[in-house]
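# Below are the sequence and a predicted model for it; my questions follow.
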Amino acid sequence: MVLALFVGVCGAVSSRADLIAPAELPPTYMEQCLDDFHAVLNAHYQGVARKLDSFFKRADDLESTDRSTARVRLTLKLLDTEGLTPNAAFKGKLALPYAEERMHLFVDNIKRGALPGEETPTLEDHAMQIGAQLSLWDSFRSYLHLQGGIRFRGIPDPFTQLEFEYERKLDGWTGRFTQAVFYYAKERGGELTEVDFERTFRDKSVFRSTTAANYTEDTSGMEFEQSISLDIPLSGGRCRNLIPNASVFAHKNGTFLMDNYRVNLTYRTCFYRPWLIFEIAPQIEFPRERDYTFTPSLMIGFEIWFGSLPEGR
C-alpha cells in the first residue's frame, strides 16, 4: 500500500512536469549564500590536494584540474519495532595526478568487504580510516588498485586492500568483474567478488544486475547477494530519479540458507541546491531473523557533495 501510494504521487509529479517546464529563476539570497559557503569549502578542499600534489609536479607537467571529491551522507531508517535508526557515512578522496602511479589520499568510515546491497556499510564502532590508494594498472579495460591505511579505534589498526576490475562492452551491455581482497591487522582478512551487468536505454534509464559474494571473519561462512534495479530519470529536473530495486540475500555455512528478500523504491532528487541531494525509499523485506515475516520500513537520506557531482544523481 505504501509503495502503491508512493508510485502514484511520483507519477503525478512526473506527469505535471511533462506539461509545465520549470522556469530558470535566479538564485535567492539564501541560495546564493549557501552556494558561496559551499564554494569556499570546496576551494579549500581542492587547495589541500593541489598543495600536496605540487611536491610531485615536474616542470613540463600541465596544470592539474580539481578532481578531488567528497561525500557526506546521512540516512534515517524508520522500522516498525526499532523506531528511527540514524547512520552517517563520509567518504573523501584527494586526487594527486602528479604523484607516482596516480595516487589518491582518502578518509572514510566505509567498511571494506561489505556486500553492495548492504544498507549501512559503515564501521560499526564509529571508527575513521585514512590512507592512500595507488593505481597499479590501467590498461586493456583492466584496473588494479592498491590501498593501504590505518583504522583508528583505540590502538591504530593497519589495513590493506587489493582490488582488480575488468570491464567489457558488448552489444549495448557493459559487464564488470571486480575482485577485492583485504586484511585488517586486528580482524584478519576477507574477500569480495562482484559481477555487474548494465545497459543504458534510449530514455537514459539504466538497468543493473549485481551478483556478489563475500567472506570475512564476521560473516556466516560465504554470503551472497543478487540485486536488480532500474534507474529511471524523471523529466522536470537534471537530477530526479526513480529507482525500483529487488534483492535476495543468502549464506552458506554448512547448509545454504536464505537471509532476506527485499524490495524498495527510491526517489532521488536535488534538494534546494545541485550539490545537496535528498532521497526517500519505502521498503518491504522478509528477513530470516524475523521468521520471514512481512517487515515494512522507510529510508530517508541526505547527501552533500564536494568536487564533481555524480552524473544524473
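Happy to help now that I have it.

# For the rest of this, base every contact and every neighbour count on C-alpha atoms.
Noted.

# show me what contacts residue 94?
If a contact means CA atoms under 8 Å, 6 or more residues apart in numbering, then residue 94 has 46, 49, 67-69, 104-106 as its contacts.

# Residue 216 now?
Residues in contact with residue 216 (CA under 8 Å, 6+ apart) are 113, 189-191.

# From these, pick the one nearest residue 178.
Among the contacts of residue 216, residue 191 lies closest to residue 178 (CA to CA), at 10.6 Å.

# how deep is the closest one tucked in, by neighbour count?
Applying other CA atoms under 10 Å, we find 20 residues neighbouring residue 191.

# Hmm, residue 179 and it touching each other?
Yes. Proximity of residue 191 to residue 179 meets the contact threshold set by CA atoms under 8 Å, at 7.5 Å.

# ok, the contacts of residue 94 vs residue 274, which is closest?
Taking CA to CA as the measure, residue 274 lies nearest residue 69 of those, at 14.8 Å.

# So, low pLDDT: which residues of this structure?
Low-confidence regions of the chain, defined here as pLDDT under 70, cover residues 1-25, 58-65, 100-101, 236-238, 309-313.

# what about the helices in it?
Assignment of helices within the chain using DSSP state H yields the ranges 2-19, 29-53.

# what residue is smack in the middle of the chain?
Most central in the chain under CA atoms, centre = their mean is residue 116, positioned 8.6 Å from the mean C-alpha point.

# how about the nearest residue to it, chain neighbours excluded?
Distance criterion CA to CA, 6 or more residues apart in numbering; nearest residue to residue 116, sequence neighbours excluded, is residue 212 at 7.5 Å.

# Skip the chain neighbours and tell me the closest residue to residue 84.
residue 78 (4.6 Å).

# Okay, now the sheet partners of the longest strand along the chain, with direction.
Across the chain, the strand with the greatest residue count (assigned by DSSP state E) is strand 255-271. Each strand that strand 255-271 pairs with, and the sense of that pairing, follows from DSSP bridges: strand 240-253 (antiparallel), strand 273-285 (antiparallel).

# Can you add distance to residue 129 and give the ones you listed back as JSON lines?
Below are these laid out as JSON lines (distance: least, CA to CA, whole Å):
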{"stretch": "strand 240-253", "distance to residue 129": "28"}
{"stretch": "strand 273-285", "distance to residue 129": "24"}
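
# Among these, which comes closest to residue 27?
Here strand 273-285 is closest among the strands paired with strand 255-271 (CA to CA), at 9.5 Å.

# quick one: that closest one to helix 29-53, angle?
90 degrees (axes from the mean of the first three to the mean of the last three CA atoms, to 10 degrees).

# Would you mark the buried spots in strand 273-285?
When neighbours are counted by 16 or more other CA atoms under 10 Å, the buried residues of strand 273-285 are found to be 275-285.

# Check stretch 26-43 too.
Of the residues in stretch 26-43, those with enough neighbours to count as buried (16+ other CA under 10 Å) are 35, 42.

# Nearest spatial neighbour of residue 110, chain-adjacent residues omitted?
With sequence-adjacent residues excluded and distances taken as CA to CA, 6+ apart, residue 110 is closest to residue 122, at 4.5 Å.
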